[in-house]
Structures are given as structure tokens and as C-alpha cells.
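**Student:** Predicted structure and sequence below. I'll ask about it afterward.
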Amino acid sequence: MTITRLGLSVATVALGIGLTLTSAHAQERIVATVNGEGITEADLQFAEVEWGDHLGKLSPDLRRRAHIELLIESQLFARAATDENLLSKSKEIDLKRFSDRLALRNYYYQKRVKDRVTEEDVRNFFEDQVKTFRPQEEVRARHILVNSRELAIELAKQLSAGADFAALARHFSQDPTTNLLGGDLGYFVRGQMVSEIDEVAFSLKKGEVSESVKTQFGWHLVRVDDRRVRAAPTFDELKDYLATLLVQRRIREMAANLRAKAKIEIDPRELVGSAGAHEPSSMIGSGVSGPPAASRLNQNGK
């Protein structure tokens with residue numbers, strides 16, 4: 001959805017607004033011109049509302065430059081569309097109406113939802129979530145995956161004789177995601193690995209190597225490199241992620257309130273086969289995934 005929204009926004013801004021920048025903001029500072037048509041400070045402010053979420057944590061200077069470049073491209077595409085007479089008069093009116101609605105929706109979202117989520121709100125949300133956190137033991141393990149029990153037994157003998165586990169993993173392991181890392185699986189808690197590996201890994205002491213273990217993937221040798229109790233994530237690790245969750249929650253609540261006050265009628269023919277479809281508000285901000293630390297707050301289904 002992110003790519004679609006960005007592409008659509010460029011088109012609507014370019015065609016619905018782009019050709020009138022000079023006349024609409026003639027008294028404002030011009031930051032760039034494209035074939036004589038101006039891009040103003042006001043345009044940059046609206047660009048931040050429209051595209052800011054897509055620019056991540058760029059510095060203010062880089063964000064500003066990115067917005068200028070996006071607005072320049074918008075001007076170029078808008079002029080190309082006009083020069084090629086792509087829109088009939090009726091289509092131009094339809095597009096203008098749609099772009100106006102979209103621009104107002106995004107501006108309302110920025111001013112009435114996103115800008116009103118404060119750091120104090122996020123911190124309170126964090127404290128509420130941390131209350132549900134329960135410390136869990138985690139292990140850091142390595143494994144060697146091979147196709148036969150015989151080879152697993154032979155490698156176990158070499159390990160008993162002092163062979164280096166990581167070196168054998170790099171040479172023999174059939175797991176393409178970990179063999180170049182010496183078989184390193186990283187840290188994990190119970191339930192993150194297949195059950196056979198889970199059971200063995202959490203039964204071993206630090207430094208111990210398992211006997212051969214059969215899974216659906218083949219035969220494994222497992223060594224535990226470390227054991228520890230997983231700590232709760234810090235506020236700094238999660239504040240951006242939790243801020244996004246709060247914004248999503250509030251936009252859903254606001255959309256629900258607006259819908260409750262509105263009279264909405266949908267042609268019955270548009271409802272055929274739509275059972276279970278998502279409400280529009282649930283699509284806002286979709287695709288947001290949390291940082292690894294976020295999983296530490298989800299141990300009770302929160």
C-alpha cells in the first residue's frame with residue numbers, strides 16, 4: 001500500500017494542485033521553479049503532510065531537499081499530462097475533486113491525529129504495555145544441519161575430539177541461512193524454533209553439544225553458546241513504533257466516531273461478495289511492522 005499511496009499522491013498533487021502553485025502562493029518565498037512555475041514554502045509544508053511518513057528519520061535538511069525533488073517531479077509530470085492532453089474536461093474535474101478530498105484528509109490526519117500524539121502519550125502507553133511483560137529465558141545456539149544420521153554422528157565425534165563447531169557448520173551445514181555464520185541461530189525464546197530444536201536447546205547447559213536431533217529438515221547437532229533472561233525493551237527502543245500504534249488506534253477511533261455521526265448509503269450492488277472486507281480506517285498505516293524489541297511486549301498476546 002505504501003507504494004500505491006505515494007504514487008497516487010504524486011499524481012493527485014501534480015495534476016490537482018501542481019499547475020496553480022504560482023498563482024495560489026504568489027506572495028510566498030519561491031524555493032524552486034520548474035519552467036517558470038514556482039514551488040513555495042507553503043508547498044513544502046503540504047509536502048511534509050503528504051510524504052513525510054515515507055522519508056523515515058532523514059535530517060531536516062535532507063527531508064527538505066527530498067520534498068523539493070518530489071515537488072519538482074510533480075510539476076514535470078503535471079506539465080507533461082497537460083501538454084499531452086491526457087484529461088478531458090470532465091475527467092479533470094473528477095480528478096480535482098478527488099485530489100482535494102485526499103489532500104484535506106491527509107491534512108486533517110496530520111493536524112488532528114498525528115500531531116496530537118505527544119511523547120507523554122507514548123511514554124504512558126509504553127508503561128502500560130511494560131506492566132504485562134514477563135521475563136523469559138532465552139538461549140543463543142548454533143546448529144549443524146546434515147542429510148543423514150551417520151554424518152551427524154561422525155561430526156559429533158569430531159566435535160568431541162576438539163573440532164571447531166563454527167568451522168564444521170560452515171563446511172557441512174545444509175542450512176543456507178546460518179552456515180556462513182558458523183551455524184549461529186542468535187538468541188531465541190521457547191516457541192521460536194521447531195519443537196525438536198526448542199526442546200534440545202533449552203535442556204543444554206552453556207557450551208554443551210547435543211546428540212543428533214531429527215526434524216523435518218534433516219539431522220541436527222545443537223550447541224548452546226549462552227543463556228540469559230530476556231530483559232524488557234527500553235522506551236527509546238520502542239517509542240517510534242508505539243507512536244505509530246497510537247496514531248493508528250486514534251485514527252480508527254476517530255473514523256468510527258465520524259461514521260457514527262454520518263449518514264452513509266452504499267449501493268447494494270457494491271456490497272455483493274464484500275463480507276469480511278476491511279473497513280477503510282483499518283487500512284490507514286497498514287504494513288507497519290515493529291522492531292525486534294516489540295516482540296518482547298507481545299508475550300501475552302498484547
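**Tutor:** Now that the structure is in, tell me what you want to look at. Numbering: from 1, shown residues only.
**Student:** where does this protein dip in pLDDT?
**Tutor:** Across the chain, the stretches falling below the confidence threshold (pLDDT under 70) are 1-27, 273-302.
**Student:** Phi, psi for the closest residue to Gln216 other than its chain neighbours please.
**Tutor:** The spatially closest residue to Gln216, leaving aside those adjacent along the chain, is Val194, at 7.2 Å (CB to CB, 6 or more residues apart in numbering). (C-beta placed from N, C-alpha, C; glycine too.) Dihedral pair for Val194: phi -60, psi 150, per degrees, to the nearest 10.
**Student:** for the protein, what's the longest strand?
**Tutor:** strand 218-230 (DSSP state E).
**Student:** Of all the residues in the longest helix seen in the chain, which ones are buried?
**Tutor:** Of all segments of type helix in the chain, defined using DSSP state H, the longest is helix 235-261. Along helix 235-261, these residues count as buried under the neighbour rule (16 or more other CB atoms under 10 Å): 237-238, 241-248, 250-251, 255.
**Student:** got it, and stretch 113-129?
**Tutor:** For stretch 113-129, using 16+ other CB under 10 Å, the buried residues are 113-114, 117, 122, 125-126, 129.
**Student:** Just give me the closest of those residues to Arg140.
**Tutor:** Gln129 (25.5 Å; CB to CB).
**Student:** what's the spacing between that closest one and Leu204?
**Tutor:** 32 Å (CB to CB, to the nearest Å).
**Student:** Likewise for Lys214?
**Tutor:** Counting by CB to CB - Lys214 and Leu204 are separated by 17 Å.
**Student:** and those two? which has more neighbours close in?
**Tutor:** Leu204 (16 against 11; other CB atoms under 10 Å).
**Student:** got the contact list for the more buried one?
**Tutor:** Taking CB atoms under 8 Å, 6 or more residues apart in numbering as the definition of contact, the neighbours of Leu204 are 139, 141, 210, 222-224.
**Student:** Recalculate using a threshold of 6 Å.
**Tutor:** Applying CB atoms under 6 Å, 6 or more residues apart in numbering, one finds that Leu204 lies in contact with Val224.
**Student:** buried stuff in whatever helix or strand Tyr187 lives in?
**Tutor:** Tyr187 belongs to strand 184-189 when assigned by DSSP states H and E. When neighbours are counted by 16+ other CB under 10 Å, the buried residues of strand 184-189 are found to be 184-185, 187-189.
**Student:** do the same with stretch 198-206
**Tutor:** By neighbour count with 16+ other CB under 10 Å, stretch 198-206 contains the buried residues 198, 200-202, 204.
**Student:** Packing partners of the strand holding Tyr187?
**Tutor:** Judged by 3 or more CB pairs under 6 Å, 6 or more residues apart in numbering; DSSP states H and E, strand 184-189 is in contact with strand 136-146.
**Student:** Show me what the strand it packs on is packed against.
**Tutor:** With contacts defined as 3+ CB pairs under 6 Å, 6+ apart, strand 136-146 has these neighbours: helix 165-172, strand 184-189, strand 218-230.
**Student:** got those as JSON lines, with distance to Lys57 columns?
**Tutor:** Written out in JSON lines, the entries for these read as follows (distance: least, CB to CB, whole Å):
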{"stretch": "helix 165-172", "distance to Lys57": "35"}
{"stretch": "strand 184-189", "distance to Lys57": "25"}
{"stretch": "strand 218-230", "distance to Lys57": "26"}
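**Student:** Next secondary structure after the helix or strand hosting Ile39?
**Tutor:** Under the criterion DSSP H and E, the helix or strand holding Ile39 is strand 37-40. Under the assignment DSSP H and E, the closest C-terminal helix or strand after strand 37-40 is helix 41-51.
**Student:** Kindly export that following helix (C-alpha atoms) in PDB.
**Tutor:** What follows is helix 41-51, C-alpha atoms only, in PDB (Å, rounded to 0.1, in the frame of the first residue of the first chain):
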ATOM      1  CA  GLU A  41       7.400  27.300   1.300                       C
ATOM      2  CA  ALA A  42       3.700  26.500   1.600                       C
ATOM      3  CA  ASP A  43       4.100  23.700  -0.900                       C
ATOM      4  CA  LEU A  44       6.900  22.300   1.200                       C
ATOM      5  CA  GLN A  45       4.600  22.300   4.300                       C
ATOM      6  CA  PHE A  46       1.900  20.400   2.400                       C
ATOM      7  CA  ALA A  47       4.600  18.000   1.000                       C
ATOM      8  CA  GLU A  48       5.600  17.100   4.600                       C
ATOM      9  CA  VAL A  49       2.000  16.300   5.400                       C
ATOM     10  CA  GLU A  50       1.700  14.200   2.200                       C
ATOM     11  CA  TRP A  51       5.000  12.400   2.100                       C
END
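**Student:** Much appreciated, bye for now.
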